[in-house]
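Engineer: Quick one: sequence and predicted model below, then my questions.
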Amino acid sequence: MAIGGETTGTTLTASRTRWELQLLSDLDREFADRHNKQSIVVTGTVRKVAGIETEPRWIIDVEKLAVADAKTFKEGTRIKVLGKLQSTGPQCSGGSEMAIHANEQVWPLLFSSESRLKPVAETSIGQTVQLTGDLETAAEDDLCAPGFIRVNAINRPAALPATTEDP
Amino acid sequence: MPIKSQPFLIVALVALAAAAEPALAEHYRIQPKCRSEARLASELVFVRHAKSCYRGTCRNGQAVYDVTAGQEQAVRSMAAGIDRQNAVPEPRSNRLLISYPNQNDKPASLTLAAAGLKVIQDYESGSFLVVEPRDGVTAEAIDTLLADDAVAYIAPDYIMSIPTNEDASEVLSTGTDSVPNDPNLNKLWGMQNSGAAQAWPHTRDSANVVVAVIDTGVDYRHPDLQGNMWSRGGIHGYDFYDNDSDPLDEENHGTHVAGTIAAVGNNGVGVVGVTWKTQIMAMRFLGPDGGGSTSDAVKCIDWAVANGAHVLCNSWAGPATSPELSEAVSRAERKGVLFVAAAGNTGGSGNNNDSRPYYPASLGQANVISVGAIDSNNNRGSFSHYGKRSVDIGAPGVQILSTVRNGQYATQSGTSMAAPHVAGAAVLVWATNFSTPTQSPAQMTAVRDLLYENARPVPGLKEFWGHSAPAKVAGGVLDLTFLSAASPDSDPPTTVPRQRLVENRMILDPARLR
């Protein structure tokens, strides 16, 4: 339950972010009930919803739920975004200077120091790309909510190879 | 500097106790006031001379002092004078009014702190501060104030009444019978729209009714709420989020809801609720992030019912329910407790609760009143959930000003703001129609039906709510104007005799006092 009823009723905490899960099937609801307060893997599409009486909410429209493998489980959020790359001033504590814009949301980007992807991204400024990365949470007072994406793959629908990944 | 007169404030005066101690009264005379004491009301002049501690005006309009040993006889003359048969119990006020010359010349905060005073309100329209002492007002505190040139005049914040006829008996009020003196009244469009403002000349107090705010807690210390908090053994409710007896709000939401229901009326501070006087029970199950478990909500409902709440205000919801929640609401229904619930919010265009229910608003028990939100043009709030069968009535819920934590005020929108208008209305209707409000299915049903029967139909809202019994008006919105008409079946308003105007001055010889 939540103030003003602004909740899907099911939440997941990962990467220090509270995600609400929109469960679309009875099977998913039963799975969520059975694994309450346990670690799971959620696959879905994320969207941001403006709150009326609450702060903006992050909702995952769930496509798949699975039990986390206890041996290999490591909390984190792998995210894939299709959007337009833009250069930007430093917005986050991580010193990001590039961001991807999608559905009115801006995701700041970071690259590992040895990454081959940064020059690739730089040549793709202004273009639509699909990139994959791990969500890293910014400091509490940082502007990068819910965090920035540490990029580990870029897919450009252009002349260059379909997928460019860090080794 | 003359004090700007406040409307509706007439000095309630106390007679000299010539009858009780005539010999003493003859020997005591203050004359003349020294120049600095021209800035003091007489009661405070006495404090300086008697080295006493002024504790306020209370107990039949008498000033109350702590005086040093040996002075009791001298001050006893202050205690008599009011005809005790006509005496009216009044709320205690130990506050002071400190006038200042202009907006650029106000008493320094250091002065006030040194005098042990907390600023309750800076009433700039009248160029005065309302301050409250931590303890009493001592001679030293007065000297500290007089040392600040920006202190133009100091007087107690008297409790006032105005008799027009000594033999008349009318309903007593600390202000006018129509308009409270809460400074932000003109920003409370919901009080006009809901008919509360029209009802106030006839009824506004619900002291014997208890309304539980089941929410994020309530800041029971708020100056505009603390006078209306339910209290038992020093606690104001319960916190099932943290499992302790302190339901202090850590979010703001519950405090905002409480203010709409019953911010203290006519106290010269902030805002006013639908009812000026009632008992708010604070129940916390929603945490700082605004979320909480259904099981804790159930506990709040049961605790509030068990401890005497007549009305429950529930500005929370979720898309799923449980049998436990439904059964808790049924238990409340059997006890005769009204359950007011916000219909819910969804950004964009809201949600049809008939198709996608939100709970507890979509529960079908007869004690549930599900409330949608309207704006000041009587349009449905764009976010407001609706449902011809699931939602019962509309109430103001867009841009609603009310109390928030730490003595502050804020404007919020949501069905969470609409529900407390209805809850406050239920409280007022209950008190007006039953001289002894009790948890009773018959009383609860009567209150609920009066709210539904008198809802104002708005054609543009007809498609959104009010089609399913016990709701009675399709597209209806809350309307309390019926309370301004005499009801032959209701108990007459409680009347008390007017307090007689008597003199509130004492003549003392400072040489006879230590």
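Structural biologist: Structure's in. What do you need?

Engineer: Any stretches of chain A with poor pLDDT?
Structural biologist: Scanning chain A for pLDDT under 70 picks out A:89-95, A:138-145, A:157-167.

Engineer: Quick one: the strands in it, in order.
Structural biologist: Taking DSSP state E as the test, the strands found in chain A are A:2-3, A:11-14, A:17-22, A:40-49, A:57-67, A:78-87, A:98-102, A:105-110, A:128-137, A:147-155, A:163-165.

Engineer: Also the stretch 251-400 of chain B?
Structural biologist: Counting by DSSP state E, counting those that start in this stretch, the stretch 251-400 of chain B has strands at residues B:277-284, B:311-314, B:316-317, B:338-342, B:368-374, B:393-396, B:400-404.

Engineer: Out of these, which is closest to residue B:222?
Structural biologist: Closest to residue B:222 of those is strand B:400-404 (CB to CB; 5.1 Å). (C-beta placed from N, C-alpha, C; glycine too.)

Engineer: and the helix or strand following the closest one, average pLDDT?
Structural biologist: Next along the chain after strand B:400-404, taking DSSP states H and E as the criterion, comes strand B:408-412. Averaging pLDDT along strand B:408-412 gives 97.

Engineer: Return the set of residues that bridge with residue A:105.
Structural biologist: Counting by DSSP bridges, residue A:105 is bridged to residue A:102.

Engineer: before we move on, back to that, now the strands of the stretch 251-400 of chain B as CSV including mean neighbour count?
Structural biologist: As requested, the strands of the stretch 251-400 of chain B are exported to CSV (neighbours: other CB atoms under 10 Å in any protein chain shown):
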stretch, mean neighbour count
strand B:277-284, 28
strand B:311-314, 31
strand B:316-317, 32
strand B:338-342, 31
strand B:368-374, 30
strand B:393-396, 32
strand B:400-404, 25
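
Engineer: Tell me which of those sits nearest to residue B:123.
Structural biologist: strand B:400-404 (17.7 Å).

Engineer: okay, the strands of the stretch 251-400 of chain B in CSV with mean pLDDT and distance to chain A next?
Structural biologist: Shown next, in CSV, are those (pLDDT from 0 to 100; distance: least, CB to the nearest CB, whole Å):
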stretch, mean pLDDT, distance to chain A
strand B:277-284, 98, 12
strand B:311-314, 98, 9
strand B:316-317, 96, 3
strand B:338-342, 98, 6
strand B:368-374, 98, 9
strand B:393-396, 98, 14
strand B:400-404, 97, 11
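
Engineer: ok, back up a step: so which of the strands of chain A is the most surrounded?
Structural biologist: strand A:2-3 (a mean of 28; mean count of other CB atoms under 10 Å in any protein chain shown).

Engineer: Show me what from chain A comes close to chain B.
Structural biologist: Counting by CB under 8 Å from any CB of the partner chain, chain A comes close to chain B at A:1-9, A:11, A:18, A:49-54.

Engineer: re earlier: pipe the strands of the stretch 251-400 of chain B into CSV and attach distance to residue B:461 per row.
Structural biologist: Output for the strands of the stretch 251-400 of chain B, formatted as CSV (distance: least, CB to CB, whole Å):
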stretch, distance to residue B:461
strand B:277-284, 28
strand B:311-314, 22
strand B:316-317, 20
strand B:338-342, 17
strand B:368-374, 7
strand B:393-396, 6
strand B:400-404, 18
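
Engineer: Tell me how many other residues surround the residue in chain A that chain B sits nearest to.
Structural biologist: Using CB to the nearest CB, the single residue of chain A nearest to chain B is residue A:5, 2.9 Å away. Residue A:5 has 30 neighbours, counted by other CB atoms under 10 Å in any protein chain shown.

Engineer: list the contacts for it?
Structural biologist: By CB atoms under 8 Å, 6 or more residues apart in numbering or on different chains, the residues touching residue A:5 are B:316-319, B:342-346, B:358, B:361, B:385, B:415.

Engineer: Inside helices: which ones of those?
Structural biologist: Under the assignment DSSP state H, the contacts of residue A:5 contribute residue B:415 to helices.

Engineer: Assign residue B:460 to helix, strand or coil.
Structural biologist: The three-state label given to residue B:460 by DSSP: H, G, I helix; E, B strand; the rest coil is helix.

Engineer: Surely it and residue B:475 touch.
Structural biologist: Yes - at 7.2 Å, residue B:460 counts as touching residue B:475 under the criterion of CB atoms under 8 Å.

Engineer: which one of the two has more residues nearby?
Structural biologist: The residue with more neighbours, out of residue B:460 and residue B:475, is residue B:475; 22 against 12, by other CB under 10 Å.

Engineer: Confirm for me that the more buried one is in contact with residue B:457.
Structural biologist: Yes - using CB under 8 Å, residue B:475 makes contact with residue B:457 at a distance of 5.5 Å.

Engineer: Tell me the first helix or strand C-terminal of the worst-scoring helix or strand of chain B on mean pLDDT.
Structural biologist: When the helices and strands of chain B are compared on mean pLDDT, DSSP states H and E, strand B:169-170 comes out lowest with a mean of 34. Downstream of strand B:169-170, the first helix or strand assigned by DSSP H and E is helix B:189-193.

Engineer: Compute the number of surrounding residues for the closest residue to residue B:265 other than its chain neighbours.
Structural biologist: Once flanking residues are discounted, residue B:265 sits nearest to residue B:276: 2.5 Å by CB to CB, 6 or more residues apart in numbering or on different chains. Residue B:276: 28 surrounding residues under other CB under 10 Å.

Engineer: Residue B:189 too?
Structural biologist: Residue B:189 has 16 neighbours, counted by other CB under 10 Å.

Engineer: Quick check: the closest residue to it other than its chain neighbours vs chain A, distance?
Structural biologist: Leaving aside its chain neighbours, residue B:189 sits nearest to residue B:376 (4.7 Å; criterion: CB to CB, 6+ apart). Using CB to the nearest CB, to the nearest Å, we find residue B:376 at a distance of 17 Å from chain A.

Engineer: now residue B:376: how far from residue B:187?
Structural biologist: 11 Å (CB to CB, to the nearest Å).

Engineer: Of those two, give the one with the bigger neighbour count.
Structural biologist: residue B:187 (15 against 12).

Engineer: Tell me who's in contact with that one.
Structural biologist: With contacts defined as CB under 8 Å, 6+ apart, residue B:187 is in contact with B:271, B:401.

Engineer: how about 10 Å then?
Structural biologist: By CB atoms under 10 Å, 6 or more residues apart in numbering or on different chains, the residues touching residue B:187 are B:271, B:399-401, B:409, B:411.
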